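# Can you look at this prediction? I've put the sequence above it.
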Amino acid sequence: MQSDRQSPIDDARRLLRLVSLELAFVDPHGTKPAEALRALVVDLEAALVAAPAAIRQMSAEARGLVEAAPGVAATLTSDTLARLHDWQPRIEEEVIAWSRAAGPREPRATAPAAIAAATAGPSSPVPSVNASSPPATQAASSLPMDAGQPCAVLPPDADGELVRLFCAESQDLLEDIEQGVLVLEERPQDKDTLATVFRAFHTFKGNASVMKLAVVQRLAHELESLLDAARRGTLLLDRRAIDTILAGSDVLRRFVAEMAGQIEGHGVGRSICLPVDAVIGVARGLLVGSPAPPSADTPPTMAAPSPPAAVAPVEPAAPAAVEPSPTVGAEPASAPAQAAAGLIRVDTAKLDGLIDLVGELVIAQSMVMQHTDLQGVGSEALARSLGQLRGISSELQRTALALRMVPVRGTFQKMARLVRDLAGQVGKELKLVLEGEETELDRTLVEEIGDPLVHMIRNAADHGIETPAERLAAGKPAAGTITLRAFHKGGMVFIQIEDDGRGLSAGRIRAKAVERGLIQPHDPLDDRGVLGLIFEPGFSLASQVTDLSGRGVGMDVVRRNIERLRGTIDIESTEGGGTVFTIGLPLTLAIIEGLLVQVGGQRFVVPTLAVRESFRPPAGAVTTVQGRGEMVSVRGRLLPLLRLAKRLGIPDAATDVTDGIVMVLEAGADCRCVLVDALVGKQEVVIKGLGETFRDQHDFAGAAILGDGRVGLILDAAALVRLKTRQTEAA
């Protein structure tokens, strides 16, 4: 019934929201009657008596659908529900246009022909593509993402908290969809994965309905119809179907990203152009079994179908992660976090705040323990209490840091889509193997490591892996394999990118480095040192520049980004046998175990993981080599010596190496000796940023508050190891 307190438009929009909620929960295979939906449709028609004729016609169409079902309390058939799912976003759009005093647009082709075609199986003769859509035979994955009709992103009455919740859940659902679809490309008959992806689309569609996002709801419904046809066995998920679903998920992902940006204040109110009708046209064409077009008719903007890429199956997320969420059904705007399957979604800012407070607590506890007033107190009870405090603080710190740890699975599985797309771009057969996906790493590290992995995998696909013909001629399988693995070792996490391609030629790298003046012909570099030259700025072995790589501006950025995370990168390669890149990363960026060293009157922290060994050098251990400065003989190998006091300008430090301690620092395959006065001790410290004042310095990675309350600077071991000899001598 029409409300006395609301305008007809407001009442209609309220009823449409209730209708969309009911539609989201009606099960065509269940036994629960759909009386609530029927009553809402009747009330909606009554509320729209003053609406434009086109809207009244659409309302009557819906009433006819629900009343045509046999029996007053009967459930709705799959065909009726499909028609209602198509009808609901169309009438939403018309009512929104009416509410903006823009007048209703001409209605699209309505249910009987277009909707039946969208739900028909491959044998159906009914045509289904909108006149405004591109032919259904286009390659969906190559549709330009900036084409199509403009879409408003935020509803006019959007609730900020609800939008954030929708975006967060949608990102998870779209990740599950993409990974599941890649599994279906390998195993189209995998019923469990098919059901998981179908439920993810169904949940996304229901959530979009709650948010009044008619356009994306309509797209999600059409993609859901494809998967439903596959579930019923009337559609084969071939390459074209997979391309279409992935293209549709890309459209939805872009919409959600724009929505998340606008709710945070970026570009509020702007519309974006998305090829929704184009993807829907392709999807409907697949449902009616449209044949693939001859290549001569392919429009210029469409890429030719790429050869299938063999991508290793990626384990899909557990079904519980994509079950219909409580957010679809009732007042989610009041819930700041979402609980499902024992998980709760927490704002990362709150989590980081907790980590910072725990760090401050540990610092305060350490200062209390080392306070001079307590050093002479002989109370056993006080000692026990302080010991208990230390134990609780340490356990709290470990627990808080564990909250930051997440599996690398999400980042790894994103690479499956990358490899699939690269196979088509480079015209090669590629297979991705994932190992150690459950390995946990600091959340920040997981986010930051994505770009370096993308660059190295692109290089492996473009330059590392040979063409199928070259591989067969070399006695290898036609499909090249890229392996991405993660594992824990020695208090660090290691990530390896391995390919079975042509490998790297140390001789060719050396010749290219000499040609570019990076090294001298007589420089004594072993093979590992030569391979490390590929990380020098501007270095590239590519004979030609491609869209993917070859400009020599990538690997140096990769190493710089990894070292910024206090990590290392190393290379092993066999010419003709493949290459392995090994990235070593600390478990967390929030805390490190460090060695306290003294230089003059100053104390510094050196990350323990960067120290290979330390010793007091005997007389004559240091020699001077022409052009290379001071060198220390360490286990038969000459390593350059850096006098830290001279580098940092600290007076009153030891000048005779026999009076000090030499620490051997390593960064990947590189090593350097650093002279300090003494080793003070070992301590876990919470890392603090240095701020803008020190943004141009490269010797320190941060600062820490020590147990006595003083500040100690943390040395950047990788930066010190890779100092050029000339710079060291000039310091």
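Looks like it arrived, so ask away. Numbers count the residues shown, from 1 in each chain.
# Neighbours of Val580, how many?
By other Cβ atoms under 10 Å, 16 other residues sit near Val580. For every residue, glycine as well, the C-beta is placed using N, CA and C.
# So it, which state does it fall into?
Secondary structure, DSSP: H, G, I helix; E, B strand; the rest coil: Val580 is strand.
# just checking, what packs against the strand or helix carrying Thr196?
For Thr196, the host element (DSSP states H and E) is helix 191-210. With contacts taken as 3 or more Cβ pairs under 8 Å, 6 or more residues apart in numbering; DSSP states H and E, helix 191-210 sits against helix 8-25, helix 160-186, helix 214-232.
# And the second one, what's buried?
Just to be clear, that refers to helix 160-186. 162-170, 172-186 (16 or more other Cβ atoms under 10 Å).
# Arg384 - how many residues pack around it?
Arg384 has 10 neighbours, counted by other Cβ under 10 Å.
# Distance from the chain centre to the host helix or strand of it, please.
Per DSSP H and E: Arg384 is located in helix 380-403. With Cα atoms, centre = their mean, to the nearest Å as the basis, helix 380-403 stands 35 Å off its chain's centre.
# who touches it?
Here helix 380-403 makes contact (Cβ atoms under 8 Å, 6 or more residues apart in numbering) with 351, 354-355, 358-359, 361-362, 365, 368-369, 374, 588, 590-591.
# repeat that for 10 Å
With Cβ atoms under 10 Å, 6 or more residues apart in numbering as the test, helix 380-403 has contacts from 346, 351-352, 354-359, 361-366, 368-369, 374, 377, 379, 440, 442-443, 587-588, 590-591, 684, 686.
# Filter the residues you listed down to the ones in strands?
The strands, defined by DSSP state E, take in Glu440, Asp442, Ile591, Glu684, Val686 from the contacts of helix 380-403.
# For my notes, confirm Ala704 occurs in a strand.
Yes: counting by three-state DSSP, Ala704 is part of a strand.
# How much space separates the residue nearest to it when sequence neighbours are not counted from Leu389?
Spatial nearest neighbour of Ala704, excluding adjacent residues (Cβ to Cβ, 6 or more residues apart in numbering): Val685 at 3.5 Å. In this view, Val685 and Leu389 are 18 Å apart by Cβ to Cβ, to the nearest Å.
# of those two, who's got more company?
Neighbour totals were compared for Val685 and Leu389, and Val685 leads with 24 against 14 (other Cβ under 10 Å).
# does the more buried one have beta-bridge partners, and which?
Ile592 (DSSP bridges).
# just checking, it touches Leu706?
Yes: taking Cβ atoms under 10 Å as the definition, Val685 is a contact partner of Leu706 at 7.2 Å.
# what touches both of these two?
Ile363, Ser366, Gly594, Leu596, Val605, Gly712.
# now for the residues you listed, which pair is the farthest apart?
Maximum pairwise distance among the shared contacts of Val685 and Leu706 (Cβ to Cβ): 14.7 Å, between Ile363 and Leu596.
# what bits of the stretch 251-400 of the chain have low per-residue confidence?
Applying pLDDT under 70 to the stretch 251-400 of the chain flags residues 290-343.
# please redo it, this time with the cut-off set to 90
Within the stretch 251-400 of the chain, the stretches with pLDDT under 90 are 253-400.
# could you show me where the helices are in it, in order?
Ranges of helices in the stretch 251-400 of the chain, per DSSP state H, counting those that start in this stretch, are 276-287, 348-369, 372-375, 380-403.
# Tabulate those helices (a markdown table), appending distance to Thr467.
Listed next are the helices of the stretch 251-400 of the chain as a markdown table, based on distance: least, Cβ to Cβ, whole Å:
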| stretch | distance to Thr467 |
| --- | --- |
| helix 276-287 | 30 |
| helix 348-369 | 44 |
| helix 372-375 | 71 |
| helix 380-403 | 46 |
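# closest one to Thr655 among the ones you listed?
For the helices of the stretch 251-400 of the chain, the distance to Thr655 is smallest for helix 372-375, at 32.4 Å, taking Cβ to Cβ.
# Does Thr483 touch Gly464 like I think?
No: using Cβ under 10 Å as the test, Thr483 is too far from Gly464 to be in contact (11.8 Å).
# Neighbour count: those two, which is higher?
Each of Thr483 and Gly464 has its neighbours counted (other Cβ under 10 Å); Gly464 has more, 23 against 18.
# Tell me the spacing between the closest residue to the more buried one other than its chain neighbours and Ala474.
Using Cβ to Cβ, 6+ apart and skipping the chain neighbours, the partner closest in space to Gly464 is Gly501 (3.7 Å). Separation of Gly501 from Ala474 (Cβ to Cβ): 10 Å.
# So which bits of stretch 607-620 are buried?
Neighbour-count burial for stretch 607-620 flags Pro607, Leu609, Ala610, Val611, Ser614, Pro617 (criterion: 16+ other Cβ under 10 Å).
# Kindly report the same for stretch 414-434.
For stretch 414-434, by 16+ other Cβ under 10 Å, it's 414-426, 428-432, 434.
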